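> Turn this into a structure:
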Amino acid sequence: MSLWYAAVFVVSTAALVGITYWLLATSLARRDHDIIAATLREYALRYDAAGLPALQRAVEVEQRTGRRERLFVRVLGPGADALFVSMPPGWSDFDLDQLSDDDRGVVEAPARSTSAVLEVASARLPDGTILQVGKSNEIRLALLAQFRTVVGWVSVLAMVVGVVGGLVITRSTLRPINELIDVVRGIIRTGRTDARVPSRGPSGDTVDELVTLFNTMLDRITGLIGAMGESLDNVAHDLRTPMARLRGTAERALQSGDPAAQREALSDCLEESERILSMLDTLMDISEAETGVLRLTRERIDLRALLEEVVELYEDVAEMKQVTVTIEPGDAIAVEGGRDRLRQAFANLLDNAIKYTPGHGSVRIAGGRDPSGQAVITIADTGVGIAPEHLPRIWERLYRADPSRSERGLGLGLSLVKAYVAAHGGTVEAVSEPGRGSVFTVRLPAA
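Okay, the predicted model is just below:
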């Protein structure tokens with residue numbers, strides 16, 4: 001990029017200087033030719049009006065007083081004899097033999113020792129004589145030489161400043177990218193993701209924005225790796241117990257030789273294997289929902305009717321725990337989505353609310369629309385609540401806010417809820433205070 005910038009800058013500067021020089025040279029040449037042509041017409045009129053003596057006096061007065069630029073004036077008779085010649089001092093070096101009496105344009109008489117030329121225009125007068133007026137291009141050549149010198153140095157200086165400035169700007173621009181490359185190489189070499197690219201803060205620059213996004217991505221990756229490690233620990237913990245139970249049950253059944261004990265052992269093994277499969281299936285569903293590949297058979301769903309189904313499903317569980325579950329009255333709300341997925345999401349929320357609500361507590365379910373027209377479902381309980389340090393992490397896979405695991409569960413319910421709601425274009429959030437219960441709010445696009 002620097003080389004292309006330098007090449008384009010140099011070529012553009014050279015082209016601009018060349019065009020400017022050509023325009024200046026053309027303009028000066030046109031000015032000289034206009035002076036020659038105007039003087040030739042004026043002297044021809046004087047000659048026609050008062051003859052050769054009057055022309056001689058006028059030329060001598062003008063040259064002596066400096067009223068007109070230095071000019072070559074010559075009058076040739078019918079036999080090509082010079083009747084009158086006015087040559088400024090220092091012009092004797094021009095080869096006048098190269099001049100012709102052609103009156104169709106400007107002819108040139110070169111100097112014998114320099115590159116200057118005498119540009120002469122001729123006019124044939126009515127009596128057959130030829131009037132010639134000429135002007136040297138020495139002053140024009142000097143001006144152009146001075147222009148070339150000044151503009152040449154200015155152009156060289158501009159090119160140097162432009163190229164050096166381009167290199168400095170490019171190096172400054174590429175510094176964050178080179179630092180990013182170094183960080184990536186370090187991560188590839190060491191496998192550690194705690195390194196960060198130095199950031200200059202929010203400046204609106206695209207490269208700085210890239211650095212900020214890259215550091216943010218590394219933060220997310222580091223967090224995901226940490227969460228993955230914790231999730232693996234939780235999976236290992238949650239799988240170790242059922243797997244050990246399966247092994248112990250099978251070993252005892254084999255050692256007992258009692259068909260009844262073996263049938264009971266098979267039943268226990270089946271229950272534990274179902275729990276393990278449920279955990280794996282739930283993890284797969286969450287992954288599909290988060291990656292956008294979850295298949296949804298969308299249909300129009302009456303959320304109130306769906307919530308009533310969920311409440312009916314958990315009616316016995318709530319009754320056993322002596323927890324009152326009520327659906328507050330409200331308007332009908334319809335959404336477009338997968339009925340089974342949404343039923344499972346609300347069932348997980350209700351199950352969570354009942355599970356962590358002590359006896360004689362209550363769970364209230366309410367539905368409505370917010371000012372933007374979205375469907376809003378709230379599930380509020382009078383349970384034990386969630387501690388502030390656990391609240392931001394309840395949506396993580398296999399995260400258990402209850403380290404003691406006093407309540408049976410996989411730690412995937414709320415992760416599944418968030419994934420399913422997000423797959424429907426909605427959001428879910430929780431507000432909780434320890435000892436005062438929790439409120440889960442689900443927002444979905446209304447049909």
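> what pairs with the closest residue to residue 96 other than its chain neighbours across the strands?
Closest residue in space to residue 96, ignoring its immediate chain neighbours: residue 109 at 5.7 Å, by CB to CB, 6 or more residues apart in numbering. Quick note: C-beta positions are derived from backbone N, CA and C, even for glycine. Residue 109 forms beta bridges with residue 118, as assigned by DSSP bridges.
> contacting residues around the residue nearest to residue 315 when sequence neighbours are not counted?
Leaving aside its chain neighbours, residue 315 sits nearest to residue 325 (7.3 Å; criterion: CB to CB, 6+ apart). Applying CB atoms under 8 Å, 6 or more residues apart in numbering, one finds that residue 325 lies in contact with 311, 314-315, 318, 350, 354, 362-363, 365.
> try residue 114
93, 138 are the contacts of residue 114 under CB under 8 Å, 6+ apart.
> about what we covered before: quick check: pLDDT value at the residue nearest to residue 96.
Residue 109 carries a pLDDT value of 87.
> if you go through the protein in chain order, where are the strands?
Using DSSP state E, the strands of the chain run over 72-76, 82-86, 106-110, 117-124, 130-136, 298-302, 324-327, 334-338, 362-369, 375-381, 427-433, 437-444.
> Give the partner strands of the fifth one in its sheet and their orientations.
Right, strand 130-136. In the sheet, strand 130-136 lines up with strand 72-76 (antiparallel), strand 117-124 (antiparallel) (DSSP bridges).
> what about the helices in the stretch 101-250 of the chain?
138-190, 206-256 (DSSP state H, counting those that start in this stretch).
> Could you tell me the least trusted of those?
helix 206-256 (a mean of 75).
> still on that earlier bit, by neighbour count, sort out the buried ones in the contacts of residue 325.
For those, a burial check counting by 16 or more other CB atoms under 10 Å picks out 311, 314, 318, 350, 354, 362-363, 365.
> any chance of those residues in a markdown table, with distance to residue 343 too?
Formatted as a markdown table, these follow (distance: CB to CB, whole Å):
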| residue | distance to residue 343 |
| --- | --- |
| 311 | 11 |
| 314 | 12 |
| 318 | 17 |
| 350 | 10 |
| 354 | 16 |
| 362 | 22 |
| 363 | 17 |
| 365 | 14 |
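> out of those residues, who's nearest residue 217?
For the buried ones among the contacts of residue 325, the closest approach to residue 217 (CB to CB) belongs to residue 350, at 36.7 Å.
> distance of the closest one from residue 419?
Using CB to CB, to the nearest Å, one gets 17 Å for the distance from residue 350 to residue 419.
> Take the strands paired with strand 130-136 and write them to JSON lines, including mean pLDDT and distance to residue 205.
Compiled in JSON lines, the strands paired with strand 130-136 are given as follows (pLDDT from 0 to 100; distance: least, CB to CB, whole Å):
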{"stretch": "strand 72-76", "mean pLDDT": "91", "distance to residue 205": "66"}
{"stretch": "strand 117-124", "mean pLDDT": "91", "distance to residue 205": "58"}
